[in-house]
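Trainee: for reference, the sequence and a predicted model appear below.
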Amino acid sequence: MQRNTPGVEQSRGSAGARTLAEMLTQNGVPMSRYRAGRLMKYLNLSSCQPGKHQYKNARQEHTSLPNLLERQFAVPEPDRVWCGDITYLWAGNRWCYLAVVMDLFARRVIGWSLSAHADTALISSALRMAYETRGQPRDVVFHSDQGSQYTGLKYQQLLWRCRINQSVSRRGKLLG
């Protein structure tokens, strides 16, 4: 087994002895996990896991943007309150970001966007999808966290053009 063994390269160095033994056996090189462990030790190879994704923390709360939701999750009809958030996914060999817009009445995703960057373009695309598929409704409240993408001027202008009222949660709580 060498450093450029397909199992080591394929896992980008994250495979341990058990996974490496399985991968090598599937590629026609029968090996137990114990032998794989000894060979890893001999070649000075160790399993390294990708680190946890780090987000920046806001220093202070946005006082200019109200919390219109105030933890009132029971919405009487569709297209009154939408919520949005961003999550990250490991896809292939890099992080991708998924932005979703959910109608709080139906508890269904009504808009989404996927990108390599967590920026205003990502969340704007998700909001535009929701806005168009729902027939350009008026007087919607859009609730999100205080992330810089949601509180930036470009996104606030998009909400204003769509006549959507912006609401942000307290720092660190999406629905709070």
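Mentor: Nice, I can see it.

Trainee: contacts, neighbours, all on C-alpha from now
Mentor: Noted.

Trainee: pop the domain breakdown of this protein in here.
Mentor: 6-42, 81-168 (automatic domain parsing).

Trainee: quick one: the helices in the chain?
Mentor: Taking DSSP state H as the test, the helices found in the chain are 6-10, 17-26, 33-42, 120-133, 148-151, 153-161.

Trainee: who's in contact with the fourth one?
Mentor: What it means is helix 120-133. By CA atoms under 8 Å, 6 or more residues apart in numbering, the residues outside helix 120-133 that reach it are 86, 98-101, 110-115, 137, 149-150, 152, 154-155, 158, 162.

Trainee: please repeat the previous calculation with a cut-off of 6 Å.
Mentor: 99, 110, 111, 112, 113, 149 (CA atoms under 6 Å, 6 or more residues apart in numbering).

Trainee: okay, buried residues for stretch 95-105 please.
Mentor: Neighbour counts over stretch 95-105 (16 or more other CA atoms under 10 Å) mark 96, 97, 98, 99, 100, 101, 102, 103, 104, 105 as buried.

Trainee: wait, I meant stretch 146-166
Mentor: Buried, per 16+ other CA under 10 Å, within stretch 146-166: 146, 147, 149, 150, 151, 155, 156, 159, 162, 164, 165, 166.

Trainee: winner for burial among the domains of the chain?
Mentor: Stretch with highest mean neighbour count among the domains of the chain: domain 81-168 (a mean of 18; mean count of other CA atoms under 10 Å).
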